[in-house]
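>>> I would like to see how this sequence folds:
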Amino acid sequence: MGNAGSGGGGRQGAAAMGGYELVRSDDAPALAVDLEAGGRCAYRKPKGGAAGAGPSPSPAPARERLVSLDVFRGITVVLMIIVDDAGAFLPAMNHSPWDGVTVADFVMPFFLFIVGVALALAYKRVPDKLDATKKAVLRALKLFCLGLVLQGGFFHGVRSLTFGVDIEQIRLMGILQRIAIAYLLTALCEIWLKGEEDVDYGFDLLKRYRYQLFVGLIVAVTYMVLLYGTYVPDWEYQISGPGSTEKTFSVKCGVRGDTSPGCNAVGMIDRKILGMQHLYGRPVYARSKQCSIDSPQNGPLPPDAPSWCQAPFDPEGLLSSVMAIVTCLIGLQYGHVIVHFQKHKERIMNWLIPSFTMLVLAFSMDFFGMHMNKPLYTVSYTLATAGAAGLLFAGIYALVDLYGYRRPTFAMEWMGTHALMIYVLIACNILPIFIHGFYWREPKNNLLKFIGISA
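Sure, this is the predicted structure:
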């Protein structure tokens, strides 16, 4: 997923996504979930009902989760695993080398969207805002630190039984780090920036959560100003050549508003703030036609390859992570629909309309030159992936929570509730490394060889 994506996103996202329950939806609802009261479903007497007018309702089951959200997360986990394994020989399942999107490019935004939806349910009621803020900060820090260990270079690969990383060379950003940032900013918005207006119609959501929408707008405008308004000067980098010799490459830029691989503001900001040595060393654009004769796969450099082809570039960098916050905020608004609307039809309609609107805007922007681009996390890419996430979530909700098709999606549901564990064990190669660590006399005689799988 970009680090797997990063998502892995999920791969990535699961740490920040646990701890929500279903706000029950029926055409004549009588139950409501109080998340702050341990997630139990409390019975609400219908208006006008007299005390003792009838038998008391049986207690509702404790802790009922929004199954469709787990299934959505599980599907994204499966997609992430497929992308990691099949991307090497199926271009459609690999990340786009630069402009444009493939199936793989939807994984990270889907996880961020899911985080936003879950936060709306988890923070439905916040009795102590300071305490909730403290817990959100701690969760984000834990997730960020976990990302540093798993994606910072501490583990040296599946077939290497060594570990450890030079702090001067550690990769600072990654999938989990991006999710931690988006989670924290979105959680703070949900804790502190909610209105008190009643919600009866879809437009009432805009009024109640107008400050959150304003934050999202400011974030998007700031990103666009920096992306298209920042001057990118000429720059150079060094890579190790044969015999440990350093080879220096110069990249000619001197432009403003460029979105090409070598001269964009996203990469420049990461180089200036994070430092070249802390960036991802295998840039996605190395598979582009300009940099690989085997494009869209990795391959030898063409004779006329640009000088930036081997330069480090982090697909989960600082400026691109700014727009990841917007994806999470969009998911948050979809979660608000669950909180405030009880009828299935109302929920689905309030998801479908903005989803189609975002898709139309995304393709319009792409047509007029603001291309969908995952490494830069452009606005058109944000809208396209968020719109697709909204449509998929609405479809899964109708299938699972409305029509009750739980059995066919049980495996996805299980994977969704264990997303972080799956991400750590499989996406970050912890399980393969563990298996390779048990061998007979020589590392090549490991457990995989004994069960008939080539190591």
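>>> Can you pull the poorly scored residue ranges out of this protein?
Applying pLDDT under 70 to the chain flags residues 1-64, 87-89, 156-161, 241-244, 448-455.
>>> For it, which segments are assigned as strands?
Along the chain, counting by DSSP state E, strands occupy 7-13, 31-34, 40-43, 231-232, 235-240, 246-251, 255-256, 439-440, 442-446.
>>> How much space separates residue 262 from residue 227?
Separation of residue 262 from residue 227 (C-beta to C-beta, to the nearest Å): 15 Å. In short, each C-beta sits where N, CA and C put it, glycine included.
>>> Of these two, give the one with the bigger neighbour count.
residue 227 (24 against 21; other C-beta atoms under 10 Å).
>>> residues touching that one, list them.
By C-beta atoms under 8 Å, 6 or more residues apart in numbering, residue 227 lies in contact with 257, 259, 264, 265, 266, 319, 376, 378.
>>> In this structure the first one contacts residue 229, no?
Yes: the pair formed by residue 257 and residue 229 meets the contact definition of C-beta atoms under 8 Å, at 6.8 Å.
>>> So these two - more neighbours on which side?
When residue 257 is set against residue 229 and neighbours are counted by other C-beta under 10 Å, the residue ahead is residue 257, at 13 against 10.
>>> show me the contacts for that one.
By C-beta under 8 Å, 6+ apart, residue 257 lies in contact with 227, 228, 229.
>>> Could you identify which of the contacts of residue 227 has the most neighbours?
Counting neighbours by other C-beta under 10 Å, residue 266 leads these with 28 neighbours.
>>> Please list all residues in contact with it.
Taking C-beta under 8 Å, 6+ apart as the criterion, residue 266 is in contact with 227, 317, 319, 320, 375, 376, 377.
>>> Which of these fall in helices?
Applying DSSP state H to these, the entries found in helices are 227, 319, 320.
>>> Against residue 383, how distant is the first one?
When you say that, I think you mean residue 227. Taking C-beta to C-beta as the measure, residue 227 falls 15 Å from residue 383.
>>> now do residue 121
24 Å.
>>> what are the ranges of the helices in this protein?
Under DSSP H, the chain gives helices at 67-86, 107-122, 129-151, 175-192, 202-208, 210-229, 265-273, 318-340, 344-367, 379-397, 410-417, 419-422, 430-436, 447-450.
>>> Please dump the contacts of residue 227 into JSON lines; it should also carry distance to residue 154 for every row.
Listed next are the contacts of residue 227 as JSON lines, based on distance: C-beta to C-beta, whole Å:
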{"residue": "257", "distance to residue 154": "37"}
{"residue": "259", "distance to residue 154": "33"}
{"residue": "264", "distance to residue 154": "29"}
{"residue": "265", "distance to residue 154": "30"}
{"residue": "266", "distance to residue 154": "25"}
{"residue": "319", "distance to residue 154": "25"}
{"residue": "376", "distance to residue 154": "28"}
{"residue": "378", "distance to residue 154": "31"}
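>>> sorry, back to before: can you tell me which of the helices of the chain is packed in deepest?
The highest average neighbour count among the helices of the chain, using mean count of other C-beta atoms under 10 Å, belongs to helix 107-122 at a mean of 30.
>>> Just give me the neighbour total for the residue lying closest to residue 67 once chain neighbours are set aside.
Of all residues not flanking residue 67 in the chain, residue 400 sits nearest, at 5.2 Å (C-beta to C-beta, 6 or more residues apart in numbering). Neighbour count for residue 400, taken as other C-beta under 10 Å: 22.
>>> when you give positions from now on, start the count at 461
From this message on, residue numbering opens at 461, which makes the last subject residue 860.
>>> Residue 860 contacts residue 531, doesn't it?
Yes: between residue 860 and residue 531 there is a contact under C-beta under 8 Å: 5.5 Å.
>>> how near is residue 761 to residue 544?
Remark: distance between residue 761 and residue 544 (C-beta to C-beta) = 25 Å.
>>> any shared contact partners between residue 860 and residue 531?
Counting by C-beta under 8 Å, 6+ apart, the residues touching both residue 860 and residue 531 are residue 869.
>>> picking up where we left off before, now distance to residue 740 too, for the ones in helices among the contacts of residue 726, in TSV please.
Listed next are the ones in helices among the contacts of residue 726 as TSV, based on distance: C-beta to C-beta, whole Å:
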residue	distance to residue 740
687	19
779	14
780	12
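>>> Looking at these, which is nearest residue 823?
Ranked by distance to residue 823 (C-beta to C-beta), the ones in helices among the contacts of residue 726 are led by residue 687 at 19.4 Å.
>>> From residue 695, how far off is that closest one?
Plainly put, residue 687 is 17 Å away from residue 695 if you go by C-beta to C-beta.
>>> Residue 776 too?
Taking C-beta to C-beta, one finds residue 776 at 20 Å from residue 695.
>>> More neighbours: those two, which one.
Higher neighbour count among residue 776 and residue 695: residue 776, with 32 against 19, using other C-beta under 10 Å.
>>> Backbone dihedrals for that one, please?
Phi and psi for residue 776, reported as degrees, to the nearest 10, are phi -120, psi 50.
>>> can I assume it is in contact with residue 631?
No: Residue 776 is beyond contact range of residue 631, at 9.2 Å (criterion: C-beta under 8 Å).
>>> which residues are common contacts for those two?
residue 740.
>>> State the distance from the closest residue to residue 644 other than its chain neighbours to residue 717.
Excluding the flanking residues, the one nearest residue 644 by C-beta to C-beta, 6+ apart is residue 600, at 3.8 Å. Relative to residue 717, residue 600 is positioned 32 Å away (criterion: C-beta to C-beta).
>>> same check, this time on residue 745
Distance, residue 745 to residue 717, using C-beta to C-beta: 18 Å.
>>> Likewise for residue 538?
Using C-beta to C-beta, residue 538 is found at 38 Å from residue 717.
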